[in-house]
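>>> attaching a predicted model along with its sequence, questions to come.
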Amino acid sequence: MTEWKKEDVGKETPVFIEGVKVIDMIVEVMLPDGQVIIGPQLACAHIFARYSMVPAMEMVSEATQKTIESMEGDA
């Protein structure tokens, strides 16, 4: 595992995704929770997407739980 540093930002690096070699750019990204990550842009995009989905996941989970609880109360 490579630990990317601020001085790596802007450099290109090979990345393998499902057996396909891609030349990717090292970027610095701030996540929605304020954390800063440095790495290949495709990997950072994947991590960013996951963090961006957390609030929606929590809302849906809570709504689902309330719906199930209300249905159990009607039985």
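Perfect, I can see it now.
>>> does anything pack onto the helix or strand residue 48 falls within? Which helices or strands?
Assigned by DSSP states H and E, residue 48 belongs to helix 41-74. Helices and strands touching helix 41-74, by 3 or more C-beta pairs under 8 Å, 6 or more residues apart in numbering; DSSP states H and E, are strand 12-17, strand 20-30, strand 36-40. In short, each C-beta sits where N, CA and C put it, glycine included.
>>> tell me the spatial nearest neighbour of residue 11, not counting adjacent residues.
Spatially, and ignoring its direct neighbours in sequence, residue 11 is nearest to residue 26 (5.0 Å; C-beta to C-beta, 6 or more residues apart in numbering).
>>> ok, back up a step: deepest of the helices and strands packed on helix 41-74, which one?
Greatest average neighbour count among the helices and strands packed on helix 41-74 goes to strand 36-40 (a mean of 17), per mean count of other C-beta atoms under 10 Å.
>>> chain center to it: distance?
From the chain centre to the centre of strand 36-40 is a distance of 11 Å (C-alpha atoms, centre = their mean, to the nearest Å).
>>> in its sheet, what does that strand sit against?
strand 20-30 (antiparallel) (DSSP bridges).
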